[in-house]
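# structure here, sequence nowhere to be found:
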C-alpha cells in the first residue's frame with residue numbers, strides 16, 4: 001500500500017487564494033472537536049481563530065474537562081460568544097475520552113459532516129485550514145476521499161511550519177520516515193466515518209495516542225497523505241497542563257512524561273498483540289522498553305516512577321482492546 005499517493009502536481013498548483021475561492025464551491029463539511037481543560041484564555045483564542053476560517057467549520061464542539069465548576073462556567077461563557085459552537089462538559093477521564101465525547105456529538109448532528117479535526121485549546125488554525133483541506137480532497141478521486149487522512153504542518157513558538165512524514169519506531173518513538181504513518185494531530189483531517197467504528201483508545205490517558213489511532217486506521221485500509229497547506233499554530237509549546245515536576249526542572253518527571261512513558265508501553269504491547277500481531281516482536285519490544293525506561297529513569301533520578309508508570313499504563317488491557 002502506498003501511504004503517500006499524493007496528487008502533487010495538481011495540489012501544488014493551488015495558491016492560498018485559489019484554495020479560498022475553490023472552498024466556496026465545495027459541498028464538503030468539516031467538523032472540529034476542541035478539547036479544553038483549565039485554560040479559558042487560550043480557548044477563547046482558539047475559537048476566535050476558527051471563526052476567521054473561510055469557509056467556516058460546519059460543526060464545532062468544545063468538550064471541557066476542567067474540574068473546577070467556576071472554570072467550566074467561564075469556558076461555557078466563552079463558547080456562548082461564538083454562535084453555533086456546542087459546549088459539553090467532558091468526562092474527565094483523559095484526553096482520549098474527551099475527544100470521543102466531542103466526536104460523538106459531531107456524529108449525532110442532523111446534517112453529518114464529511115471530515116473532522118481535533119485541536120486542543122492552545123492551538124490556533126490558519127484561516128485557510130479548511131479551504132486547503134477541501135482543495136486537497138477535491139483533487140482526489142471520489143472513491144479515495146473517504147479513505148484519506150491528511151496531516152499538515154504546525155508552527156511552534158512562532159517558528160516555521162513543519163510538515164514531515166513521521167512514523168512510529170519499533171521502540172515506540174516518533175521518527176522521520178519516507179512515508180507518513182502517524183499524523184500531526186493538531187493539523188490533521190480525518191474522514192468522520194472512521195469514528196463510526198473506531199474511536200480514541202480510552203486506556204491511554206495521554207501521550208502518543210494519535211500514533212495508536214494512526215496504526216489502527218492504516219490497518220483498516222486508510223492512507224495518510226502529507227498536506228503542507230493545512231496549517232495550525234501551537235501557541236504554548238511545552239507548556240501543557242500536565243507539566244510540572246515533583247523534583248524540579250533537572251530531575252524527576254512531569255506528569256506529562258509519566259503518562260507518555262505509560263502510553264508507550266500500552267501502545268507497544270497493543271501494536272504487537274492486536275494491531276500487528278507478532279509474539280516475538282512483542283517480547284522484543286518489552287525487553288527493549290524495560291531497558292530504555294530504566295536507563296531513562298536512572299538518569300532523571302526517578303527510578304521510583306517505574307511501578308507507577310506500569311500501573312497507570314493499563315497494559316493488561318491491551319490484548320482485549322480493539
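That came through fine. Bear in mind the structure is a predicted one, so any value in this text is a computation, not a measurement.

# quick one: neighbours of the residue nearest to residue 279 when sequence neighbours are not counted, just the number.
Closest residue to residue 279 apart from its sequence neighbours, by C-beta to C-beta, 6 or more residues apart in numbering: residue 272 at 7.7 Å. Glycine gets a C-beta too; all of them are placed from N, C-alpha and C. Residue 272: 21 surrounding residues under other C-beta atoms under 10 Å.

# can you check residue 147 too?
For residue 147, using other C-beta under 10 Å, the count is 15.

# quick one: it from residue 301, how far?
Between residue 147 and residue 301 the computed distance is 47 Å (C-beta to C-beta, to the nearest Å).

# domain-wise, how is the chain divided?
8-234, 255-314 (automatic domain parsing).

# just say which of those domains is most tucked in.
With neighbours defined as mean count of other C-beta atoms under 10 Å, those peak in mean count at domain 8-234, which reaches a mean of 19.

# low-scoring pLDDT stretches of the chain, where are they?
Scanning the chain for pLDDT under 70 picks out 1-26, 238-250.

# so where do the strands sit in it?
Along the chain, counting by DSSP state E, strands occupy 30-36, 59-64, 85-89, 115-120, 123-125, 148-156, 166-168, 174-176, 188-191, 223-234.

# and the first one, what other elements does it pack with?
For strand 30-36, the packing partners by 3 or more C-beta pairs under 8 Å, 6 or more residues apart in numbering; DSSP states H and E come out as helix 40-51, strand 59-64, helix 95-107, strand 115-120, helix 129-138.

# partner strands of that strand, parallel or antiparallel?
strand 59-64 (parallel), strand 115-120 (parallel) (DSSP bridges).

# longest helix anywhere in this protein?
helix 279-299 (DSSP state H).

# how about the strands paired with strand 30-36 in CSV, adding distance to residue 51?
Output for the strands paired with strand 30-36, formatted as CSV (distance: least, C-beta to C-beta, whole Å):
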stretch, distance to residue 51
strand 59-64, 9
strand 115-120, 14
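
# which of those sits closest to residue 232?
strand 115-120 (6.8 Å; C-beta to C-beta).

# mind listing the residues bridging to the nearest residue to residue 146 once chain neighbours are set aside?
Of all residues not flanking residue 146 in the chain, residue 191 sits nearest, at 5.0 Å (C-beta to C-beta, 6+ apart). Beta-bridge partners of residue 191, counted by DSSP bridges, are residue 115.

# coming back round to it: adding distance to residue 202, write the strands of the chain out as JSON lines.
Shown next, in JSON lines, are the strands of the chain (distance: least, C-beta to C-beta, whole Å):
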{"stretch": "strand 30-36", "distance to residue 202": "13"}
{"stretch": "strand 59-64", "distance to residue 202": "13"}
{"stretch": "strand 85-89", "distance to residue 202": "16"}
{"stretch": "strand 115-120", "distance to residue 202": "14"}
{"stretch": "strand 123-125", "distance to residue 202": "21"}
{"stretch": "strand 148-156", "distance to residue 202": "20"}
{"stretch": "strand 166-168", "distance to residue 202": "20"}
{"stretch": "strand 174-176", "distance to residue 202": "22"}
{"stretch": "strand 188-191", "distance to residue 202": "17"}
{"stretch": "strand 223-234", "distance to residue 202": "23"}
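
# so how far is residue 117 from residue 44?
Note on residue 44: its distance to residue 117, by C-beta to C-beta, is 19 Å.

# whoops, residue 265 was the one
Distance from residue 265 to residue 117, by C-beta to C-beta: 28 Å.

# check contacts around the residue nearest the centre of the chain.
When C-alpha atoms, centre = their mean is applied to the chain, the residue found nearest the centroid is residue 185 (2.9 Å). By C-beta atoms under 8 Å, 6 or more residues apart in numbering, the contact set of residue 185 is 118, 210.
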